[in-house]
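Student: can't give you the sequence, but here's the structure:
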């Protein structure tokens, strides 16, 4: 199915439980004066876009937001996604193609609910979809599904990846090595673990969150095995430091890690970008190794409309692009739409901050 890159009036394709609302001409004019970038997908709600270049095209692996009867809470229960679609575009600005459902909840033997933000990787002609879901004990784990094509369909492994916990996996290729990065606090459950072990009695969004003057919780990284379906090593923390070389503190909400870790390499440096959650920035830090440590530099993206943000950064034909989401189509926190913007690395290695609102 082909869909327009630009917003063209009323949406005519009816998909049960996931069709964006119609927008009046007045609302459309208001949106045009507010939002810098247009939604890439308009016939379903999409979020958390992980973009990669496969087979000379840009492929996007987002989550698929749907209307939910689940009550809203600080654990994100109302983000009750049940499948994944894969999208592609020949080049930036080209028509976006929806390749349909790539993986469904009912086809993942170990999962019970909430297919949150995924990512993908390619190795030797095989494609791997990494995804979080809650298991039968309602704990987030990270699974993997395999396909012969970048658009799927994907077949899930029968068990989650051993040694994983929390959510928001992202795959990073560095030469011939592949890494999995993950983690998220509050609804992501990272705060329930000490030394990578689940602590009994922690159930709420802030149970286990460090005090404001303590080191913030950090994302995790582990090299993937040759099979791409297992970890090859014990996970390690990705340490984010302030300008004084000290770990960013838990109370520093403008700079501390919340969720949505992503890594890219530019001019020999490693860039770790992430969402700060309740302060609504996409921040970034730079290091000399995929394992860090990383020193905070600033923001990639200013706050969007909507509570959450989640992004990816990809190079295509010598230019760099940021993919992100907001709530332009719905105005509702859990019904989002993906977007893209050109990204600029400055001469000093920093990233020019993008403002998504006019």
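Tutor: Yep, that arrived. All values derive from a computational prediction rather than experimental measurement.
Student: ok, residue 189 to residue 118 distance?
Tutor: Remark: distance between residue 189 and residue 118 (Cβ to Cβ, to the nearest Å) = 17 Å. Yep, even glycine has a C-beta here, placed from its N, CA and C like the rest.
Student: So the two - more neighbours on which side?
Tutor: Shown here are residue 189 and residue 118; by other Cβ atoms under 10 Å, residue 118 has more neighbours (32 against 26).
Student: leaving aside the residues next to it on the chain, what's closest to that one?
Tutor: residue 131 (4.1 Å; Cβ to Cβ, 6 or more residues apart in numbering).
Student: Next SSE downstream of whichever strand or helix holds the one you found?
Tutor: For residue 131, the host element (DSSP states H and E) is strand 126-135. Note on strand 126-135: by DSSP H and E, the next helix or strand toward the C-terminus is strand 140-147.
Student: Would you map the helices across this structure?
Tutor: 25-32 (DSSP state H).
Student: now the residue nearest the centre of it: how far from residue 170?
Tutor: Note on the chain: the residue nearest the mean C-alpha position is residue 48, at 4.1 Å, using Cα atoms, centre = their mean. As defined by Cβ to Cβ, residue 48 lies at a distance of 10 Å from residue 170.
Student: Might one say that residue 41 is in contact with residue 86?
Tutor: No. Using Cβ atoms under 8 Å, residue 41 is not in contact with residue 86, being 11.3 Å away.
Student: Who has more neighbours out of the two?
Tutor: residue 86 (26 against 23).
Student: Roughly how far does that one sit from residue 100?
Tutor: Remark: distance between residue 86 and residue 100 (Cβ to Cβ) = 8 Å.
Student: Ok, residue 148 next?
Tutor: Residue 148 sits 16 Å away from residue 100 when distances are taken as Cβ to Cβ.
Student: so what's residue 201 up against?
Tutor: residue 207 (Cβ atoms under 8 Å, 6 or more residues apart in numbering).
Student: tell me the pLDDT at it?
Tutor: Turning to residue 201, the model gives it a pLDDT of 96.
Student: from here on, count from 40
Tutor: OK, 40 is where the count begins now, so the last one is residue 240.
Student: Now do the same contact list for residue 372.
Tutor: 111, 117, 345, 346, 347, 366.
Student: how about the nearest residue to the second one, chain neighbours excluded?
Tutor: The one in question is residue 117. residue 111 is the one closest to residue 117 (Cβ to Cβ, 6+ apart), at 4.3 Å.
Student: Look up the closest residue to residue 129, ignoring the ones flanking it.
Tutor: residue 96 (5.6 Å).
Student: show me the contacts for the one you found.
Tutor: 127, 128, 129, 130, 189.
Student: coming back round to it: how much space between the residue nearest to the centre of the chain and residue 168?
Tutor: Using Cβ to Cβ, we find residue 87 at a distance of 13 Å from residue 168.
Student: do residue 270 as well
Tutor: As judged by Cβ to Cβ, residue 270 and residue 168 stand 16 Å apart.
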